[in-house]
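Asks: Whatever this is, show me its structure:
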Amino acid sequence: MVRARMTSTADGLTWSEFEEAGLIPDEPAKGIPLSYRISMYREKVRFFLKSSLSQIRCKWFITALMLCIIAGAGLLSTLPLIRMRLISPQEEGPIGPELDPKMRPCRKILNFSPTPLPKIALASFTGSGNTYLRGAIEQITGIWTGSAVPDFQLYHGGFYGEVTADSKVIVVKTHGYGKKATKANYKKVILLVRKPEDAILAKWNQYKTRTHTGIAQGDSYDTEEWRSFVPKSIEEWKEMNEYWLSQNPVTVHVVQFEELLTNKKEELLKVIDFLGFKDQLDENMLNCVVEKYEGLFRRRKFKMDFEPYTPEMKEQIENARDLVQQAVEEWKFSKFDSVEWNGEDDAAAAP
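Replies: Numbers count the residues shown, from 1 in each chain. Next up, the predicted model:
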């Protein structure tokens, strides 16, 4: 009976058709010729490959479609930013809507620089007050600041130089260090240093709320995510600051965030001098910024009724802070020493 049924393959039926009809036994009978067995298994392998190939093609198509949708959405969101990059010098001027006077209390109109400027980094660990200092520099000089990595929240909030990182902006915001910073080829850097315990909290708030002004919920600190976040952030804070402090001291200017808030005028004067704009400084504009500027995207003050850091975390923070502070002191000494040597060389060269 089995032999009679198997001879039906000569009629052109496929293996799958035989299988669906229930004509193929689970275990081939010993009496079935070898040629028929080979034909059966070959047909089965062919059916399996054909089915698998169809599934792979379907998956490829779905993946390609999803990538196209993502790319299209990204392109649409950046169209106004692309226009900014292509804008001609004749058209440069105030960009975007006029801002609330509280955001720009001293200067409403900002421009890109009409002449090329050296590429200067405004480097800091996330949450160290970079946005605050950028706004002050823009108000005093009237020139947009840029960013190594565009932040669309900042762009839509009034930092219309956010998508520019070339010689048209006065400084370029960056949170990077190491190979990325080396590749960017900055000529000078303003390093903004904030106490790690405050900077890490600010970064956590930004990370959890996905905004520059939001505040994370209290119960988020009693999680494994927070306990993992802190040691990584401490190490990043230390490495980032140590990297920039290891550069040529003449090309580095350090701003302590706490000093900036306490002695705003003195610290801003040092920054403007380092940028090479002291001769173009408008004293009235500087005084206005000192008195009225409160910062853009400034997180409101809040008090925590609990201690977010464990004793072990506090010890790690203290060790990192001491190492960076030591590097800052070495930078001060090295910079003073370099300036002193340059002065002696100039005196020796004088007739």
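
Asks: Now do the contacts for residue 321.
Replies: 195-196 (C-beta atoms under 8 Å, 6 or more residues apart in numbering). The C-beta positions use only the backbone N, C-alpha and C, and glycine is treated the same way.

Asks: 540 is where my numbering starts, stick with that
Replies: With 540 as the first residue, the last one maps to residue 860.

Asks: what's the spacing between it and residue 691?
Replies: Distance, residue 860 to residue 691, by C-beta to C-beta, to the nearest Å: 33 Å.

Asks: Let me see the domain layout of the protein.
Replies: Under the assignment automatic domain parsing, the domains of the chain span 541-609, 651-888.

Asks: For stretch 646-661, which residues meet the burial criterion?
Replies: Burial within stretch 646-661, assessed by neighbour count using 16 or more other C-beta atoms under 10 Å, is assigned to 646, 649, 651-652, 656, 658-661.

Asks: can you give me the helices in this protein?
Replies: With DSSP state H, the ranges of helices along the chain come out as 541-545, 554-559, 573-625, 669-680, 691-695, 718-723, 735-748, 763-784, 796-801, 803-814, 822-831, 850-888.

Asks: ranking those helices by mean pLDDT, which is last?
Replies: When those are compared on average pLDDT, helix 541-545 comes out lowest at a mean of 41.

Asks: Name all residues that make contact with the residue positioned nearest the centre of the chain.
Replies: Residue closest to the average C-alpha location in the chain (C-alpha atoms, centre = their mean): residue 688, at 5.3 Å. Residues in contact with residue 688 (C-beta under 8 Å, 6+ apart) are 713-715.

Asks: Identify, from these, the entry nearest to residue 795.
Replies: The closest of those to residue 795 turns out to be residue 714 (C-beta to C-beta; 17.6 Å).

Asks: ok, and the closest non-adjacent residue to residue 862?
Replies: Counting by C-beta to C-beta, 6 or more residues apart in numbering, residue 777 is the residue found nearest to residue 862 once chain neighbours are left out, at 6.1 Å.

Asks: hang on, that neighbour packs against residue 859?
Replies: Yes. Checked against C-beta atoms under 8 Å, the pair residue 777 and residue 859 is within contact range at 4.2 Å.

Asks: Need the overlap of contacts for those two.
Replies: residue 735.

Asks: Residue 647 versus residue 683, what's the distance?
Replies: Using C-beta to C-beta, residue 683 is found at 13 Å from residue 647.

Asks: before we move on, what about residue 702?
Replies: Using C-beta to C-beta, we find residue 702 at a distance of 21 Å from residue 647.

Asks: ok, now which ones touch residue 664?
Replies: Applying C-beta under 8 Å, 6+ apart, we find residue 664 in contact with 714, 732-733, 735, 738, 742, 775-776, 779-780.

Asks: Quick check: pLDDT value at it.
Replies: At residue 664, the model reports a pLDDT of 97.

Asks: So what does it have for phi and psi?
Replies: When quoted as degrees, to the nearest 10, the phi and psi of residue 664 stand at phi -70, psi 140.

Asks: Run a quick neighbour tally on the spatially closest residue to it that is not a sequence neighbour.
Replies: Distances taken as C-beta to C-beta, 6+ apart place residue 776 nearest to residue 664, at 4.8 Å, with adjacent residues excluded. The number of residues packed near residue 776 is 27, by other C-beta atoms under 10 Å.
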